[in-house]
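*Asks:* pasting the sequence and the predicted model now:
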Amino acid sequence: MSRFTGIIPPVVTPFTADGEIDFASLDRVVEHLIDGGMHGLFLMGSSGEVAYLTDDQRVQLVEHVVAKVAGRVPVLAGAIDTTQARVIDQARRMVAAGAEAIVATCPFYAINDAKEIEDHFRAIAAAIDVPLFAYDVPVRLNGVKLDHEMLVRLGKEGVIVGVKDSSGNDVSFRRLVALNEAEGHPLSLLTGHECVVDGMLLLGADGLVPGYANVDPVRYAKLWEAAQAGDWARARELQDEICAGFEIVFQAKGRSGDAAGIGAFKTAMQALGVIASNQMAYPVRGFEGELVERVKAVMRGAGLLD
């Protein structure tokens, strides 16, 4: 489990103008993140626009990144689909492509009760021979919030090794941390709540999965180092700096959640020269014109651009 701690950002998927994966830009993203001090890479989460990718594109992306990483950090892959059978099919493809761990949500579109969700994770774990993380992201899962007692129970039984918590529910995450600790720490608990990382590490998170690390990995790495050293004053300073840059996601008023967040990340990464285009997966529209300039203004204020 120690291999799945630290900072494991959800990697964005760069696209060409015709909607294909831009592998040259993807190579630069990988180096940007590893050089920035990241401890692992999570492919095909929300920041990777996984829902818009075909099955073949998902496999191609994982194979390409695994080859590029060449063992320098662990590579996790999302197996995100509507039901247990479809998730298992995706997970097996990801493992064959080289993923070292699978990250799976509960079912969506399909409407399952708590026992069915628990059995969903058991079936996935039984079908693969790599570690399984549960991905708690209610905004994309019919509003379903994974129960902390269920998660720790699955951890104690060896069904899952960790949780990627992108619920934004800090009270629930604290309860999960407390129960996990009381039961012997069977789970690696990773927070996806980018602007309160210092607080989540202070209360006992094992790591973080911040989408904004695609833009500013170095500050997250420094924050992690400060937290590991117990320098919480420095950790807060770095968190404040991160939050100043994270304002880019609030620039697109009235746009979809995918456009506002991931579109902002891609626009910033293009401005930094990491990716060639801020193209989004169709039909999501990328940032243009004044919106791009607003993102750049925030970046300059945060010290990310000259």
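*Replies:* Great, that's in hand. Numbering: from 1, shown residues only.
*Asks:* quick check: the gap between Ala276 and Met269.
*Replies:* Per CB to CB, to the nearest Å, Ala276 is found 10 Å from Met269. C-betas here are computed from N, CA, C, even on glycine.
*Asks:* okay, those two: which has more neighbours?
*Replies:* Met269 (22 against 16; other CB atoms under 10 Å).
*Asks:* look up the closest residue to that one, ignoring the ones flanking it.
*Replies:* Distances taken as CB to CB, 6 or more residues apart in numbering place Ile275 nearest to Met269, at 4.8 Å, with adjacent residues excluded.
*Asks:* what about the one you found, neighbour count?
*Replies:* With other CB under 10 Å as criterion, Ile275 counts 26.
*Asks:* that one and Ala268 touch, don't they?
*Replies:* No: using CB atoms under 8 Å, Ile275 makes no contact with Ala268, being 9.7 Å away.
*Asks:* in terms of pLDDT, where does the residue nearest to Ala97 when sequence neighbours are not counted sit?
*Replies:* Nearest in space to Ala97, with sequence neighbours left out and distances taken as CB to CB, 6+ apart, is Val62 at 3.9 Å. On the pLDDT scale, Val62 is placed at 98.
*Asks:* Val62 sits in which helix or strand?
*Replies:* Secondary structure from DSSP states H and E places Val62 in helix 55-69.
*Asks:* tell me the first helix or strand C-terminal of that helix.
*Replies:* Counting by DSSP H and E, the element after helix 55-69 in chain order, helix or strand, is strand 75-78.
*Asks:* can you name the residues bridging to Leu10?
*Replies:* Residue 10: Pro, not Leu. For Pro10, the beta-bridge partners are Phe42 (DSSP bridges).
*Asks:* Ala260 and Ile160: what is the separation?
*Replies:* From Ala260 to Ile160 the distance is 31 Å (CB to CB).
*Asks:* now the helices for the stretch 1-150 of the chain?
*Replies:* 23-35, 55-69, 84-96, 114-127, 148-156 (DSSP state H, counting those that start in this stretch).
*Asks:* need those in a markdown table (columns: distance to Leu179 and mean neighbour count).
*Replies:* Formatted as a markdown table, those follow (distance: least, CB to CB, whole Å; neighbours: other CB atoms under 10 Å):
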| stretch | distance to Leu179 | mean neighbour count |
| --- | --- | --- |
| helix 23-35 | 32 | 18 |
| helix 55-69 | 33 | 18 |
| helix 84-96 | 25 | 19 |
| helix 114-127 | 16 | 17 |
| helix 148-156 | 5 | 19 |
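*Asks:* with distance to Arg174 added, can I get those in TSV?
*Replies:* What follows is the helices of the stretch 1-150 of the chain, written out as TSV (distance: least, CB to CB, whole Å):
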stretch	distance to Arg174
helix 23-35	28
helix 55-69	33
helix 84-96	28
helix 114-127	21
helix 148-156	10
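*Asks:* so which of those helices gets nearest Glu194?
*Replies:* Nearest to Glu194 among these is helix 23-35 (14.9 Å), distances taken as CB to CB.
*Asks:* please name every helix or strand in contact with the closest one.
*Replies:* Helix 23-35 sits against strand 41-43, helix 55-69, helix 217-228, with contacts defined as 3 or more CB pairs under 8 Å, 6 or more residues apart in numbering; DSSP states H and E.
*Asks:* can you name every helix or strand that the longest one contacts?
*Replies:* Okay, so that is helix 55-69. Helix 55-69 packs on helix 23-35, strand 41-43, strand 75-78, helix 84-96, going by 3+ CB pairs under 8 Å, 6+ apart.
*Asks:* dump it to PDB, keeping only the CA atoms.
*Replies:* This file holds the C-alpha atoms of helix 55-69, laid out as PDB (Å, rounded to 0.1, in the frame of the first residue of the first chain):
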ATOM      1  CA  ASP A  55     -12.600   1.600 -25.300                       C
ATOM      2  CA  ASP A  56      -9.700   1.600 -27.800                       C
ATOM      3  CA  GLN A  57      -8.600   5.100 -26.800                       C
ATOM      4  CA  ARG A  58      -8.500   4.100 -23.200                       C
ATOM      5  CA  VAL A  59      -6.300   1.100 -23.900                       C
ATOM      6  CA  GLN A  60      -4.000   3.200 -26.200                       C
ATOM      7  CA  LEU A  61      -3.600   5.900 -23.600                       C
ATOM      8  CA  VAL A  62      -2.700   3.500 -20.800                       C
ATOM      9  CA  GLU A  63      -0.200   1.600 -22.900                       C
ATOM     10  CA  HIS A  64       1.400   4.800 -24.100                       C
ATOM     11  CA  VAL A  65       1.800   6.300 -20.600                       C
ATOM     12  CA  VAL A  66       3.000   3.100 -19.000                       C
ATOM     13  CA  ALA A  67       5.700   2.900 -21.700                       C
ATOM     14  CA  LYS A  68       6.700   6.500 -21.200                       C
ATOM     15  CA  VAL A  69       6.800   6.300 -17.400                       C
END
